[in-house]
Structure formats: structure tokens, C-alpha cells
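# model the following, please.
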Amino acid sequence: MVSKYSLALFALLAAFAPGAISPTTADAAALRRAARLDAAACCDPCIDYRDRSCVPACERTVKTELCVYDCCTGCDIKVPVCLPCCCTGEPTVCCRNGLFGRQVVRYDWCCGCSVQVVILRCGDVVVTYL
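Numbering: from 1, shown residues only. Model prediction:
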């Protein structure tokens, strides 16, 4: 399997010494496969929802998307969530690294509602309503 680093090295060498490198058909196929894998990494991840909120539920909810940057793939992940109507304005965002290579992003609104988005190392997402 071709890693991102070998792709970057190949592109760097091709840019500075165009005649020095001539990729074989196997290399070209590996580069195409790696490009498809990189494109697939930016696709929709598997999202698991958990509700642990202590805040009383509002009568109406609003569907919205939170845009979370995934450090591993370098892509923005759009995470659909349902928020109470009382969640207006911009949330306070806190990011940190979690255990086992996880990325944890917490969104806090002034009404007391909080959403924690955890991006697992495999690329899956866990959304917890706090």
C-alpha cells in the first residue's frame, strides 16, 4: 500500500527532477489506488448518536450540521445534529486530543445544551448530547 508520504515524496521528486523519475504502470496503479483511498477517506463516516443530556427537551428541534475538521484525513466532516430551538447564536467550541488517537470537539451553547463530537482513529464519529 502506498502511504501519503511516499505520494508526497514522488510528487516532490517529479517536480524538481522531471526526467529522473519515470513511474512504471504498477506505480501509476498504486498512485491511482491511493488517490481513491484518500478520496474515500473524505466520504461520509459512520456516525453513532448517544443522548446523555440532563437539559429538559424543548418542544421543537432544529436540524443543523456541525463542521468538524478531521486531522487524520485533512477533510471537514459535516455532522448532522438536532438541536433545541433555544440553541441560538454561535456555540463555544473546545478541541482536544483524547485517548487512543481520538479527536474530541465540544460545542456549548448559552442555553446549557452541549454536543460532544468524537472522531475515532478509524474515522468513525460518535456524537454525544450532553
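
# all contacts plus neighbour counts: C-alpha atoms, from now on.
Will do.

# tell me where the protein has helices.
Applying DSSP state H to the chain gives helices spanning 4-16, 25-41.

# okay, now residue 92: neighbour count?
Residue 92 sits with 11 neighbouring residues when counted by other C-alpha atoms under 10 Å.

# so it touches residue 108, yeah?
Yes - with contact defined as C-alpha atoms under 8 Å, residue 92 counts as touching residue 108 (5.0 Å).

# how does the protein divide into domains?
When the chain is parsed with automatic domain parsing, its domains come out as 4-41, 47-129.

# which of these comes out lowest on mean pLDDT?
Among the domains of the chain, domain 4-41 has the lowest mean pLDDT, at a mean of 51.

# ok, residue 110 touching residue 91?
Yes - counting by C-alpha under 8 Å, residue 91 is a contact partner of residue 110 at 7.3 Å.

# and for residue 95, the neighbour number?
What residue 95 shows, counting by other C-alpha under 10 Å, is a neighbour count of 14.

# measure it to residue 103 for me?
8 Å (C-alpha to C-alpha, to the nearest Å).

# same question for residue 66.
Applying C-alpha to C-alpha, the value for residue 66 to residue 103 is 15 Å.

# neighbour count: the two, which is higher?
residue 103 (22 against 14).

# if the closest residue in space to residue 93 that isn't next to it in sequence is in a bridge, with which residues?
Distances taken as C-alpha to C-alpha, 6 or more residues apart in numbering put residue 107 closest to residue 93, at 4.8 Å, once the chain neighbours are dropped. On the basis of DSSP bridges, residue 107 is bridged to residue 93, residue 115.

# give the contact list for residue 107.
Going by C-alpha atoms under 8 Å, 6 or more residues apart in numbering, residue 107 touches 91-94, 114-116.
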